[in-house]
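Visitor: here is my input; please provide its structure:
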Amino acid sequence: MAWHKENFKEIISLPPLFANSLSFLSLGACSSLATALVWLCGFFVTKSFDTVANALGIYWCFWIFGICCFMGFVSIYFTVPETNGKSLEQIQRTFQKS
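Guide: The predicted model follows:
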């Protein structure tokens with residue numbers, strides 16, 4: 001993900017969607033947890049890259065990280081419901097059913 005203004009607009013526009021259903025404290029805690037998880041994953045990839053590249057070679061290192069990314073894509077594709085073009089109420093009903 002490139003760090004451009006357009007991407008920040010998408011990230012910043014999420015909290016108002018959940019403001020009605022979450023209290024201020026829980027919204028802050030969830031945002032903090034998500035941010036910490038992103039930074040933790042980035043730290044893990046950065047620290048493990050050299051170790052894996054030295055042990056297996058750069059070729060296999062990229063294959064391993066690529067396969068992990070592909071598995072993440074597949075799991076998200078099949079588990080996260082589509083919300084494009086739906087209202088907030090429809091999205092909330094979708095998540096309440098599950």
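
Visitor: and for the nearest residue to Thr94 once chain neighbours are set aside, the neighbour number?
Guide: Nearest residue to Thr94 in three dimensions, chain neighbours excluded: Pro81, at 5.4 Å (Cβ to Cβ, 6 or more residues apart in numbering). In short, each C-beta sits where N, CA and C put it, glycine included. Pro81: 10 surrounding residues under other Cβ atoms under 10 Å.

Visitor: try Ala55
Guide: Ala55, neighbours per other Cβ under 10 Å, totals 9.

Visitor: now it. Its backbone dihedrals?
Guide: Ala55 has phi and psi values of phi -80, psi -40 when expressed as degrees, to the nearest 10.

Visitor: helix or strand: which one has the residue nearest the centre of the chain?
Guide: By Cα atoms, centre = their mean, the chain has its centre lying nearest to Val38, at 7.2 Å. Assigned by DSSP states H and E, Val38 belongs to helix 24-56.

Visitor: circling back to that earlier point, using the three-state scheme, assign the residue nearest to Thr94.
Guide: coil (DSSP: H, G, I helix; E, B strand; the rest coil).

Visitor: output the below-cut-off pLDDT ranges for the chain.
Guide: 1-25, 27, 97-98 (pLDDT under 70).

Visitor: and the gap between Trp63 and Ser48?
Guide: Trp63 sits 14 Å away from Ser48, taking Cβ to Cβ, to the nearest Å as the criterion.

Visitor: sorry, that was for Ser32
Guide: Distance from Ser32 to Ser48, by Cβ to Cβ: 24 Å.

Visitor: more crowded one of these two?
Guide: When neighbours are counted by other Cβ under 10 Å, Ser32 and Ser48 differ, and Ser48 comes out ahead with 13 against 10.

Visitor: I appreciate the help and will end here.
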